[in-house]
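> model the structure of this input:
(2 chains)
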Amino acid sequence: AQSVTQLGSHVSVSEGALVLLRCNYSSSVPPYLFWYVQYPNQGLQLLLKYTTGATLVKGINGFEAEFKKSETSFHLTKPSAHMSDAAEYFCAVSGVTGGGNKLTFGTGTQLKVEL
Amino acid sequence: DTAVSQTPKYLVTQMGNDKSIKCEQNLGHDTMYWYKQDSKKFLKIMFSYNNKELIINETVPNRFSPKSPDKAHLNLHINSLELGDSAVYFCASSPRSGGGGELFFGEGSRLTVL
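Residues are numbered from 1 along each chain as shown, chains lettered A, B, ... in the order given. Okay, here's the model as predicted:
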């Protein structure tokens, strides 16, 4: 079975500071990895995804993530936090089960951005 | 022009009632899903349909019954509602059923059972 673990359910940063949200995965096959963002009372929006190829993946809103197989990690970063980045962030891994594509999500990290 | 739309957005009902949530996608995708998000924000897959065929059925009580009349629609009917069914239910779609496809989510339907 595939799974992801997000370290830190709450992360707080100052505006302009580096954002680092941690995600480690467990998978017996090459994983497909995703980061989603959820703003209050909204659905999930894809930030970025890793399937194959380049291990540094750039997403929307200035976010990027690096796939590190040796560390089984897919941490999300952004050089400079903005107030509008405050939201819940989910890491997810894709696996095929019974012929279906199944995204398994981590428990989420709430990002707070302070002035 | 919403890609994945769910109705209703909010639903408040009494224990024991039966309710339905509807979902439609206009992205032309073949695969649709229902996910449940609990009060701690944990997201868990419930069902997945590929071109009207059920392909994923997680351990969900029989009181939950999905129906897909065509590949653009996936509805969720819940019988005999219980307090523990209170959650946000998300519909999603994906262009393919194989691994690696991203999911496109609706805005969620918040169900409150009193």
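> okay, CA-based contacts and neighbour counts for the rest of this
OK.
> where does chain A get nearest to chain B, residue-wise?
Nearest to chain B in chain A, going by CA to the nearest CA, is residue A:43, at a distance of 4.0 Å.
> how much space between the spatially closest residue to that residue that is not a sequence neighbour and residue B:9?
Closest residue to residue A:43 apart from its sequence neighbours, by CA to CA, 6 or more residues apart in numbering or on different chains: residue B:107 at 4.0 Å. Distance from residue B:107 to residue B:9, counting by CA to CA, to the nearest Å: 8 Å.
> ok, residue B:48 next?
Distance from residue B:48 to residue B:9, by CA to CA: 21 Å.
> re earlier: more neighbours: which of residue B:107 and residue B:9?
Higher neighbour count among residue B:107 and residue B:9: residue B:107, with 23 against 17, using other CA atoms under 10 Å in any protein chain shown.
> give me the distance between the more buried one and residue B:26.
14 Å.
> need the contact list for residue A:23.
A:4-7, A:73-76, A:91 (CA atoms under 8 Å, 6 or more residues apart in numbering or on different chains).
> make JSON lines out of those residues and add neighbour count and distance to chain B.
Below are the contacts of residue A:23 laid out as JSON lines (neighbours: other CA atoms under 10 Å in any protein chain shown; distance: CA to the nearest CA, whole Å):
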{"residue": "A:4", "neighbour count": "23", "distance to chain B": "12"}
{"residue": "A:5", "neighbour count": "18", "distance to chain B": "12"}
{"residue": "A:6", "neighbour count": "22", "distance to chain B": "12"}
{"residue": "A:7", "neighbour count": "16", "distance to chain B": "14"}
{"residue": "A:73", "neighbour count": "20", "distance to chain B": "17"}
{"residue": "A:74", "neighbour count": "29", "distance to chain B": "15"}
{"residue": "A:75", "neighbour count": "19", "distance to chain B": "18"}
{"residue": "A:76", "neighbour count": "24", "distance to chain B": "17"}
{"residue": "A:91", "neighbour count": "31", "distance to chain B": "11"}
